[in-house]
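Engineer: Here you go, sequence then predicted model.
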Amino acid sequence: MMPNSTKNPIRIMKQGMDTRTSDMLKMVFEKHAQAAFILVEETQAEACIFDMDTLGSKALWEIYQQQHPAMPTLVLSLYDWVGKKHLFIKKPVKLTILLEQLTLLKQQVEQFRLTLTELIPASQTETQTKAGTASPKKQTQDVKHTTQTLEQYQQHYFSQYADNRICGEHPDINLKDRKAVASISYHANEYFQGLFSKAMHLAKQQQCCIHIQGFFGELLIHPAKNRLLSSVQEERLFTMATMPIKAEHVKMLTVPPEELEQQIKTASVAFYHYYLEQFTWKLSLWTARGRIMADTPLDQAIVLSRWPNFTRLLIPPHAMQITALWIETACSLAETARLLEIPQRDVFTFYNAVYAIGLAYPDHQTKDHHKTLKLSAKHTEQRGLFRKILSHLGLKI
Amino acid sequence: MADYKIIFTGPSGAGKTTAITALSDIATIRTDAASNEILDSYIGKKGITVAMDYGLMKLGNRDKIHLYGTPGQERFDFMWEILIKGGLGLILLIDHAHRYPIREMKAFLHAFRDFLKEGKLVIGITRMDVKPEPGLELYYEHFRALNINPPIFEIDARNKQDVSLLVQALLYSLDPGIT
Ligand SMILES: Nc1nc2c(ncn2[C@@H]2O[C@H](COP(=O)(O)OP(=O)(O)O)[C@@H](O)[C@H]2O)c(=O)[nH]1
Ligand SMILES: [Mg+2]
């Protein structure tokens, strides 16, 4: 039966659901599950119940999976379900089955809550630095015996094109429609991205290094050397970036540079190295997935101060075109999508990333001028050739 | 049939020959002899020989992009003529591990100043693996002061993708609307 835990109810969002079904859920939560669950908004949710049978739910499902790749999910459908990753109930929904599946959903969420609180104690790191030994937990990772330094150059640095899916699948919207805009907006502060940018701020302010410890592993930030070292693989970082997170889930310590460097030298973990900019950029892509940061002015011209160092960044779709345009002329997000004839989500994604590394900002002086920019036609005869060069070099357009 | 060229320049050891080789569909050759049409006409005129690297991208349907690497140290006034005839732009490679990379860069920017009034410039900073510090900020600063904004990428000339991205940036600088 349903465990009694009204103190900290499981926060569930509904997707693709008509009011009848959502009323039914509410009733079950209150009357039959001792309020162990509540329905909340998407940004607050830690689990989801997804109705597959309403109009447009297939498309919604695609978006949902993009936005919340790791969220515990219960799918309801009239039809059989093949996805093994998710819990499933075939309609019509019976109360006993629903309660059973809700219990499983709850277990998944609690498992995640547990990992969130499983912080590595700070004292452990100190011992490690002094004695040069690693904790048992760390020994399970592949151990590199060579001494590591911050200067180490790794293959890892080479650029890649990001998969188109990095921008999610939102269709273009009317950017004057507030509700539509809200539906594709996100607040960085609800994610690790927000905590990370606080850490960066702190590091700059105090001119020190930062040691971040979280359920996902450790991150070491060395601003003076422009490096971030991570003890965890990217897949885990990605998953972590997609989940709403609170400050309590992460511990941040300021560390003097010499101490951090020593710690790196003596560590038995093989760190993944990033330029700080490279990591900040990636984190923004992972968090946004095609959404736009809340409160971004959509009708103000965007100023880009310089070209990003594309050869060492994950390149999202159409990033170079947008850069070339913005270097030539400041231009609003909406206008950019229109001019280049590319999806709005690609423009949002790129803007988030350049904003995150401090290269772009809205020019509050210049409202969208509506002078109807046009990309000069004189180039068009060369376009065919240029396209040919790009494809000859195996470059993505 | 289209016939364009891209010029690679920069101090010796910056990676020009390597970069051209990475992109070229033929074995890169050194045109010391008056074997090349375009150089021929130039040599005839000024009466000196210059050794240039030469590579070629064959795009099919007889469309070609000629890739030229300038000599490292010599004079450049002749380059202007070569560049304006079908030159898509200039790729300047700078050896970051050199003692005075900015001084070297300035010399090349000066030599090509006429071309750069109209033509597009892309900059690749090489050998940052050898000497990571200081970072690209060094170059950003320089160009901020000049108030021009070319693409500046860290590259390894031995890596084809890196060199290709320089070309891509050049093409989009010329026309952001390529789709
Ligand atoms: N370590 C390192 N070596 C490089 C890099 N780029 C080029 N090289 C090497 O530098 C040397 C000089 O390159 P080269 O193409 O002959 O320079 P050029 O004089 O400008 O033509 C070659 O051995 C290249 O393999 C780089 O980014 N890192
Ligand atoms: Mg050479």
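Structural biologist: That came through fine. Ligands and ions are numbered 1, 2, ... in the order given.

Engineer: May I see the buried residues of stretch A:36-49?
Structural biologist: Neighbour-count burial for stretch A:36-49, counted by 16 or more other Cβ atoms under 10 Å in any protein chain shown, picks out A:36-40, A:45-49. C-betas here are computed from N, CA, C, even on glycine.

Engineer: restrict the residues you listed to those near ligand 1?
Structural biologist: For ligand 1, no contacts are drawn from those by Cβ under 6 Å from any ligand atom.

Engineer: Tell me which of those residues has the lowest pLDDT.
Structural biologist: Lowest pLDDT within those is found at residue A:45 (82).

Engineer: centroid residue for chain A?
Structural biologist: The residue lying closest to the centre of chain A (Cα atoms, centre = their mean) is residue A:287, at 1.7 Å.

Engineer: In helices only, show me the buried residues of stretch A:36-49.
Structural biologist: In helices, judged by DSSP state H, none of those are found.

Engineer: which element follows the lowest-mean-pLDDT helix or strand in chain B toward the C-terminus?
Structural biologist: In chain B, no helix or strand scores lower on mean pLDDT, DSSP states H and E than helix B:37-46, which sits at a mean of 47. Where DSSP states H and E defines the elements, the next helix or strand beyond helix B:37-46 is strand B:53-60.

Engineer: ok, whatever helix or strand comes next after that following strand: who's next to it in the sheet?
Structural biologist: Following strand B:53-60 in sequence order, the next helix or strand is strand B:63-69 (DSSP H and E). Pairing partners of strand B:63-69, with direction, according to DSSP bridges: strand B:3-9 (parallel), strand B:53-60 (antiparallel).

Engineer: what's next to the shortest one, contact-wise?
Structural biologist: This means strand B:3-9. Residues from elsewhere that reach strand B:3-9 (Cβ atoms under 8 Å, 6 or more residues apart in numbering or on different chains): A:385, B:16, B:19-20, B:38, B:53, B:63-70, B:76, B:79, B:82-83, B:85-93, B:108, B:111-112, B:167, B:170.

Engineer: Could you check how far the spatially closest residue to residue A:250 that is not a sequence neighbour is from residue A:234?
Structural biologist: Leaving aside its sequence neighbours, residue A:250 sits nearest to residue A:214 (Cβ to Cβ, 6 or more residues apart in numbering or on different chains; 4.3 Å). Separation of residue A:214 from residue A:234 (Cβ to Cβ, to the nearest Å): 15 Å.

Engineer: The two: who's more crowded?
Structural biologist: Between residue A:214 and residue A:234, residue A:214 has the larger neighbour count (other Cβ atoms under 10 Å in any protein chain shown), namely 21 against 15.

Engineer: can you give me phi and psi for residue A:215?
Structural biologist: Note on residue A:215: its backbone torsions stand at phi -60, psi -20 [degrees, to the nearest 10].

Engineer: so it touches residue A:249, yeah?
Structural biologist: Yes - here residue A:215 reaches residue A:249: they are 6.5 Å apart, a contact under Cβ atoms under 8 Å.

Engineer: Residue 18: how many residues sit nearby?
Structural biologist: This is for chain A. Residue A:18 has 13 neighbours, counted by other Cβ under 10 Å.

Engineer: was after chain B, sorry
Structural biologist: Neighbours of residue B:18 under the rule other Cβ under 10 Å: 20.

Engineer: who's in contact with it?
Structural biologist: Applying Cβ under 8 Å, 6+ apart to residue B:18 gives the contacts B:157-158.

Engineer: likewise residue A:113?
Structural biologist: Under the criterion of Cβ under 8 Å, 6+ apart, the contact list for residue A:113 reads residue A:46.

Engineer: Quick one: mean pLDDT for the host helix or strand of it?
Structural biologist: Residue A:113 is part of helix A:95-117 when elements are defined by DSSP H and E. For helix A:95-117, mean pLDDT rounds to 81.

Engineer: Would you mind listing the buried residues in it?
Structural biologist: Those would be A:98, A:101-102, A:105-106, A:108-110, A:112, A:116, for helix A:95-117 by 16+ other Cβ under 10 Å.

Engineer: Closest one of those residues to ligand 1?
Structural biologist: residue A:116 (42.1 Å; Cβ to the nearest ligand atom).

Engineer: Name the residues of stretch A:255-264 that are buried.
Structural biologist: Buried positions in stretch A:255-264, judged by neighbour count with 16+ other Cβ under 10 Å: A:255, A:260-261, A:263-264.

Engineer: out of the residues you listed, which are inside helices?
Structural biologist: Among the buried residues of stretch A:255-264, DSSP H puts A:260-261, A:263-264 in helices.

Engineer: now those residues as a markdown table including distance to residue B:150 and pLDDT?
Structural biologist: Shown next, in a markdown table, are these (distance: Cβ to Cβ, whole Å; pLDDT from 0 to 100):
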| residue | distance to residue B:150 | pLDDT |
| --- | --- | --- |
| A:260 | 35 | 89 |
| A:261 | 35 | 88 |
| A:263 | 39 | 84 |
| A:264 | 35 | 84 |
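
Engineer: Considering only the contacts of strand B:3-9, which also neighbour ligand 1?
Structural biologist: Within the set of these, contact with ligand 1 (Cβ under 6 Å from any ligand atom) is found for residue B:16.

Engineer: so where's chain B uncertain?
Structural biologist: Along chain B, segments meeting pLDDT under 70 span B:1, B:31-50, B:72-84.

Engineer: For residue B:126, give me its contacts.
Structural biologist: Taking Cβ under 8 Å, 6+ apart, we find residue B:126 in contact with B:14-15, B:93-96, B:155-157.

Engineer: Most neighbours among those residues, which one?
Structural biologist: Within the contacts of residue B:126, most neighbours by other Cβ under 10 Å means residue B:155, with 31 neighbours.

Engineer: so that one makes contact with residue A:311?
Structural biologist: Yes - applying Cβ under 8 Å as the test, residue B:155 and residue A:311 come out as touching, 5.5 Å apart.

Engineer: Common neighbours of the two, please.
Structural biologist: Residues touching both residue B:155 and residue A:311 (Cβ under 8 Å, 6+ apart) are B:162, B:165-166.

Engineer: can you list contacts of the longest helix along chain B?
Structural biologist: The longest helix of chain B (DSSP H) is helix B:160-174. With contact meaning Cβ under 8 Å, 6+ apart, helix B:160-174 is reached by A:158-159, A:307, A:310-311, A:320-321, A:323-324, A:327, A:379, A:382, A:386, A:389-390, A:393-395, B:6, B:19, B:22-23, B:88-89, B:91, B:120, B:122, B:124, B:150-151, B:153, B:155-157, B:178.

Engineer: So for residue A:83, what's the nearest residue that isn't a sequence neighbour?
Structural biologist: Using Cβ to Cβ, 6+ apart, the nearest residue to residue A:83 is residue A:75, at 7.0 Å.

Engineer: Perfect, that will be all.
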